[in-house]
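Enquirer: coords below, sequence missing:
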């Protein structure tokens, strides 16, 4: 299951982008967006998000 971003919680800090090993996160309108085709379901972004805006579906 790919990660999912709660846009209302996302602050746009980009810490998830730096931690993603598969470059599956991009910024759109100052919010993180998961590129589902690139996501390898590792969950690293979930652990690195300081506002708990990312979860595994």
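Expert: Received the coordinates, thanks. Remember, predicted model here, so these are calculated numbers, not experimental data. Numbers count the residues shown, from 1 in each chain.

Enquirer: so where do the strands sit in the chain?
Expert: Under the criterion DSSP state E, the chain carries strands at the ranges 3-5, 25-28, 31-34, 54-56.

Enquirer: nearest to residue 43, of the ones you listed?
Expert: Smallest distance to residue 43 across the strands of the chain (CB to CB): 5.9 Å, for strand 54-56. Heads up, the C-betas are built off the backbone N, CA and C, glycines and all.

Enquirer: which strands or helices does the closest one pack on?
Expert: If you count contacts as 3 or more CB pairs under 8 Å, 6 or more residues apart in numbering; DSSP states H and E, strand 54-56 packs onto strand 3-5, helix 44-48.

Enquirer: may I see the buried residues of the first one?
Expert: Using 16 or more other CB atoms under 10 Å as the test for burial, strand 3-5 gives 3, 5.

Enquirer: rebuild the helices and strands packed on strand 54-56 as CSV, extending it with mean pLDDT and distance to residue 54.
Expert: Formatted as CSV, these follow (pLDDT from 0 to 100; distance: least, CB to CB, whole Å):
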stretch, mean pLDDT, distance to residue 54
strand 3-5, 97, 5
helix 44-48, 96, 5
